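Enquirer: Sequence and computational prediction follow.
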Amino acid sequence: MFIAMNRFKVIPRLQGDFERVWTTRDTHLREVPGFIEFHLLRGPEQEDHVLYSSHTIWRSRADFESWTRSEAFRQAHRDAGQNRPLYLGHPEFEGFEVLQTVAAGEQ
């Protein structure tokens, strides 16, 4: 598995706008080969920002990379530049290969 994350430092007074953009958009992910799950995460609050992360789980790094070259990716990100005023700096991408998974009920 592969986990792809983008971190956003959102301006505190614009949290509602940021959350609305993410929770109402069409992600175009449900039918993408290798896509498993998406999470929008809200993290700790600092004086100048609130940390958010978009977190997707993929069957493999290759599936994620294929998605980044797809029409679904272009559609999902077509308006992304309009949202820059909501956060400080650029989103920070982090990609992780999953080495271990522990699930409830497993021994």
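Expert: On my side now, so go ahead.

Enquirer: Find the nearest non-adjacent residue to residue 63, please.
Expert: Leaving aside its sequence neighbours, residue 63 sits nearest to residue 34 (C-beta to C-beta, 6 or more residues apart in numbering; 2.4 Å). All C-beta atoms are positioned from the backbone trio N, CA, C, and that covers glycine.

Enquirer: Now do the contacts for that neighbour.
Expert: Residues near residue 34 by C-beta atoms under 8 Å, 6 or more residues apart in numbering: 58-60, 62-64, 66-67.

Enquirer: Filter the residues you listed down to the buried ones.
Expert: Those of the contacts of residue 34 that meet the buried threshold are 58, 63-64, 66-67, by 16 or more other C-beta atoms under 10 Å.

Enquirer: can you redo those as JSON lines with distance to residue 50?
Expert: JSON lines is the format used below for the buried ones among the contacts of residue 34 (distance: C-beta to C-beta, whole Å):
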{"residue": "58", "distance to residue 50": "26"}
{"residue": "63", "distance to residue 50": "30"}
{"residue": "64", "distance to residue 50": "26"}
{"residue": "66", "distance to residue 50": "32"}
{"residue": "67", "distance to residue 50": "27"}
